[in-house]
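# Need coordinates for the following:
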Amino acid sequence: MTAGAYHLAIYNFGIHVDASDSAAVRGFVLREPMNFAAAERAAGFVARSGYKGVPGPRSWGPLVFPRFLAQHGDGAGVSSLSLWQDIESLMAFTYTGVHADALKHARNWNMVQEWPPLVLFWVPAGRRPDWEEAVKRFEMLADRGPTPEAFSFKSAFGPDGSALTIDRARVKTLAAENASGQADLLERVETLPV
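Numbering: from 1, shown residues only. Now for the predicted structure:
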């Protein structure tokens, strides 16, 4: 199995501290379109699911949430689902630039989590996982820990199920490439209220 025959899916989930139209999460709402734009400009980005009834990409099936929303949620559930060429591309986007700014401020907008922030899993290139599959994988990671079917950056697996070593030098190279492509977005994000 070659990595090129597969794409890496990421599903993340959190619960806002208040309703999505509240002042408490305004900083998140203002940043979200720029995060999506930065992802679309990032090296290795393949595609992302949209949300039914929201302008943008088509939703990959009906939106569902993990059980944690019903168990803990007074705020709004927030999630995303996207595909990437490989783990280094995803890591370069996630931990630098526009998205890193959002991560830095996430504690202001989201409840403290008793579950993983995200799940990673491989799908054959050309296949779009739906929200239901992503949530099942997310709950699998929360319940069983990392496996080749549901894992994290800290305990990563390749498409063949073997342990994956992340090429950190490549992550840095990709992050530097991404920086020039999202400089205008980052400049705007840094002026936004938290």
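# Next one, pLDDT for residue 133 please.
pLDDT for residue 133: 98.
# For the longest helix along the chain, which helices and strands make contact with it?
Secondary structure of the chain read by DSSP state H shows that its longest helix is helix 26-41. Contact here means 3 or more CB pairs under 8 Å, 6 or more residues apart in numbering; DSSP states H and E; on that basis helix 26-41 packs against strand 45-48, helix 97-109, helix 168-181, helix 183-189. The way it works is simple: take the backbone N, C-alpha and C, and place the C-beta from them, glycine included.
# And residue 133, which helix or strand is it part of?
Using DSSP states H and E, residue 133 sits within helix 131-144.
# go on, residue 115?
Following DSSP H and E, one finds residue 115 outside all helices and strands.
# Residue 78: what's its closest spatial neighbour, skipping adjacent residues?
Leaving aside its chain neighbours, residue 78 sits nearest to residue 14 (5.2 Å; criterion: CB to CB, 6 or more residues apart in numbering).
# what's the answer for residue 65, then?
Nearest to residue 65 is residue 77, by CB to CB, 6+ apart, at 4.4 Å.
# surely residue 109 meets residue 27?
Yes. Contact criterion CB atoms under 8 Å: residue 109 and residue 27 qualify, at 6.4 Å.
# So between the two, which is more surrounded?
residue 109 (24 against 19; other CB atoms under 10 Å).
# if I pick that one, what's in contact with it?
Applying CB atoms under 8 Å, 6 or more residues apart in numbering to residue 109 gives the contacts 14, 16, 17, 24, 25, 27, 28.
# got the phi/psi numbers for residue 77?
Backbone torsions for residue 77, taken as degrees, to the nearest 10, come to phi -70, psi 140.
# Write down the beta-bridge partners of it, one by one.
residue 15 (DSSP bridges).
# Please spell out the segments of the chain that come in under the pLDDT threshold.
Counting by pLDDT under 70, the chain contains low-confidence residues at 1-3, 73.
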